[in-house]
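Engineer: Return atomic coordinates for the entry below.
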Amino acid sequence: MPQLPKEFKSLQPFAPEWALATREARYHKRISSSMEEIKAYYDAVLPQLDAMVEHLNRHSIKNLAAEDKNLLRMAFSAIEISRSVEVWNAPDNVVHGAYPAEKIKVHTLPYEQAL
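Structural biologist: Numbering: from 1, shown residues only. All right, here's what the predicted structure looks like:
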């Protein structure tokens, strides 16, 4: 189970589902989750997002401990789902007749390979 820094123990139950290493994994988690799951994570992480960023800013991204990498990944997941809650009120911006979301290829970015 991915561990988080002790200051964020209240988010620990979400870590197995949301501390995902790649954009592709986060994208697929978002589109396959219910709005209830997304909203539960959003409501838990949003009040702590500033503290998460402050904590991460105290460390070099090149030398993050495993717990800090997981925290960063959870922050990335929060960004990934924010549109679902704040704009769409749905896991994905589905337009009738649009290309199916599950067929979209999300590429891993070079910085993710280091995390």
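Engineer: CA atoms for contacts and neighbours, from now on please.
Structural biologist: OK.
Engineer: Identify the residues contacting the residue nearest the centre of the chain.
Structural biologist: Nearest to the geometric centre of the chain sits residue 77, at 0.9 Å (Cα atoms, centre = their mean). If you count contacts by Cα atoms under 8 Å, 6 or more residues apart in numbering, residue 77 has them with 18-20, 26.
Engineer: Closest to residue 38 out of these?
Structural biologist: Nearest to residue 38, judged by Cα to Cα, of those is residue 18 at 9.9 Å.
Engineer: Check the contacts of residue 77 and tell me the two furthest apart.
Structural biologist: That would be 19 and 26, which, of the contacts of residue 77, are the farthest apart (Cα to Cα) at 8.5 Å.
Engineer: could you give me the average pLDDT of the helix ranked longest in the chain?
Structural biologist: In the chain, assigned by DSSP state H, the helix with the most residues is helix 66-83. Averaging pLDDT along helix 66-83 yields 96.
Engineer: just how off-centre is it within its chain?
Structural biologist: The chain centre lies 4 Å from the centre of helix 66-83; the measure is Cα atoms, centre = their mean, to the nearest Å.
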